[in-house]
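**Q** Mind folding the following:
(4 chains)
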Protein chains: 2
Amino acid sequence: MTLNTETEQKIVASAEKLFYRKGKAGTSMQDIADDAGINRTLLNYYFRSKDQLFEAVFRNAMASFVPNLAAMLNSEMSFEDYVPRMIETVIDAMLENPQIPIFVLQELSSNPERMPQIIKEMGIDSTVAERKMKGEQWKELGNQPDPRQFMLNLLSLCIFPFAARPVVTEILYNGDNDAYIEAMKQRKQLLPLLLKKFMI
Amino acid sequence: MTLNTETEQKIVASAEKLFYRKGKAGTSMQDIADDAGINRTLLNYYFRSKDQLFEAVFRNAMASFVPNLAAMLNSEMSFEDYVPRMIETVIDAMLENPQIPIFVLQELSSNPERMPQIIKEMGIDSTVAERKMKGEQWKELGNQPDPRQFMLNLLSLCIFPFAARPVVTEILYNGDNDAYIEAMKQRKQLLPLLLKKFMI
DNA sequence: AGATAGTTTGACAATAACGTTAAACAACTA
DNA sequence: TAGTTGTTTAACGTTATTGTCAAACTATCT
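**A** Just a heads-up that it's a prediction; the model follows:
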């Protein structure tokens, strides 16, 4: 079995699309096969079982944004310089794949016991993170009581608007999708300004 | 059929517990019946079908926090007074039922076409919201470019930390659940201070 | 006691889903 | 051409899941 055949790519593309929207249990192997326009048995041929196919998709999704997070936590960069860059990277990633946050959060909420192993596999050493957060590069925060709260605020402001996309679009932007997207892009400039205020 | 029999309550309780964690497709009627310690057929006796049982749970979940939102959007209160109260209310609601946000967001992400009707049923008139947000009570925002962004920030900071609970607990608090809960409670005081900075 | 309304149960039928297998097919190689 | 490897297909068996139905049970009222 050679990797990355055309059919294999079609399978992954359709699996992502459907798993993202309907979740693992809400998506059948037949659904994926139909969407990809191939025979269902091929899914088992390339990915042994539904579980393994899902795992592939899930790890893919995690890998699409965890490195950014890890890079920030581990980076030696000046904090003030790094935050805006981090924000832009994360928001751009979300704009490309708006469904990922809710997909990942739902899976982790279903199976929180997977967290510890996932963290290790993704190369996040939480002790490193903690040490960095307490280190000198955080001095700029001034009287900010807890650097963890700062991190939490940063992630909340970046990610939640995408996780809540349908609600936000409908309630705040009257269902106007373009207006929603435009607002998300604006946040790339807006958030660094706001977060700077947190540091004073 | 009298409402609110003991069995009916047991059904709803178990259904909430399981739907919240595993979603609609991930939970079988048998799972719910087992958890409630009753015969599966009773689920159909009281709630006709799985769809209707899920609908009951979903509407319950929505009703547990939408009124707060609507109240804020429609309230005549002084904005500066209301924000802290709003924050405390929302966070308290989340502390009671931390699983609700991810559950609701996942369902709305699966079926975004339901949003318009849901909004109407929940009594949110988005035109009213928009009008209020542009009204004079928002003047305090000063040079804040878009009141919608402010709302989005407020909700993000309140809700996301709960939607991302497993990740946050594991990465930021080394898996220490008590520390996580404590941090969430702290946010009831922290967030009003931060949001006040947005208004300047 | 006996009828009646409401509740609970076990059994059934229909469908959907998953994974396996053996056969068909394609393309390349000796 | 014949053979080998890798890919695709249809068919099958098994299990899970859902909703219905009629029978059993309970309690209450006459």
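
**Q** which residues does A:Ser49 contact?
**A** Contact analysis of A:Ser49 by C-beta atoms under 8 Å, 6 or more residues apart in numbering or on different chains lists nothing. To be clear about C-beta, it is placed using only N, CA and C from the backbone, and glycine gets the same treatment.

**Q** actually A:Ile102, sorry about that
**A** Counting by C-beta under 8 Å, 6+ apart, A:Ile102 has contacts A:162-163, B:102, B:105-106, B:109.

**Q** And A:Ile171, how close does it get to B:Ile87?
**A** 18 Å (C-beta to C-beta, to the nearest Å).

**Q** now A:Thr7
**A** For A:Thr7 relative to B:Ile87 (C-beta to C-beta), the value is 51 Å.

**Q** of the two, who's got more company?
**A** B:Ile87 (22 against 15; other C-beta atoms under 10 Å in any protein chain shown).

**Q** Touching, that one and B:Pro192? I think so.
**A** Yes - B:Ile87 lies in contact with B:Pro192 (C-beta atoms under 8 Å); the separation is 5.8 Å.

**Q** any chance of the contacts of A:Ile102 in JSON lines, with pLDDT, distance to DNA strand C and secondary structure too?
**A** Below are these laid out as JSON lines (pLDDT from 0 to 100; distance: C-beta to the nearest atom of the strand, whole Å; DSSP: H, G, I helix; E, B strand; the rest coil):
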{"residue": "A:Phe162", "pLDDT": "98", "distance to DNA strand C": "27", "secondary structure": "helix"}
{"residue": "A:Ala163", "pLDDT": "97", "distance to DNA strand C": "25", "secondary structure": "helix"}
{"residue": "B:Ile102", "pLDDT": "97", "distance to DNA strand C": "22", "secondary structure": "helix"}
{"residue": "B:Leu105", "pLDDT": "96", "distance to DNA strand C": "23", "secondary structure": "helix"}
{"residue": "B:Gln106", "pLDDT": "97", "distance to DNA strand C": "18", "secondary structure": "helix"}
{"residue": "B:Ser109", "pLDDT": "95", "distance to DNA strand C": "19", "secondary structure": "helix"}
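
**Q** For those residues, which single residue is the most surrounded?
**A** For the contacts of A:Ile102, neighbours tallied by other C-beta under 10 Å; top is A:Ala163, 31 neighbours.

**Q** residues in contact with that one?
**A** Applying C-beta under 8 Å, 6+ apart, the residues near A:Ala163 are A:101-102, A:105, B:105, B:109, B:160, B:163.

**Q** and A:Gly123, how many neighbours does it have?
**A** 12.

**Q** how about the nearest residue to it, chain neighbours excluded?
**A** A:Ala70 (5.8 Å; C-beta to C-beta, 6 or more residues apart in numbering or on different chains).

**Q** swap in A:Leu108?
**A** B:Pro166 (4.6 Å).

**Q** That neighbour contacts A:Gln106, correct?
**A** No - at 10.7 Å, B:Pro166 does not count as touching A:Gln106 under the criterion of C-beta under 8 Å.

**Q** neighbours of A:Gln9, just the number please.
**A** 11.

**Q** typo on my end, it should be A:Asn60
**A** 13.

**Q** mind listing what it touches?
**A** A:Asn60 neighbours (C-beta under 8 Å, 6+ apart): A:12, A:16.

**Q** Quick check, pLDDT for it.
**A** On pLDDT, A:Asn60 comes in at 93.

**Q** swap in A:Leu69?
**A** Predicted confidence (pLDDT) at A:Leu69: the value is 76.

**Q** Spit out the contact partners of the residue of chain A found nearest DNA strand D.
**A** Minimum separation of chain A from DNA strand D (C-beta to the nearest atom of the strand) falls at A:Asn39, amounting to 3.0 Å. Contact analysis of A:Asn39 by C-beta under 8 Å, 6+ apart lists A:Ala33.

**Q** ok, and the residue nearest to A:Gly123, which helix or strand is that part of?
**A** A:Ala70 is part of helix A:66-74, with elements assigned from DSSP states H and E.
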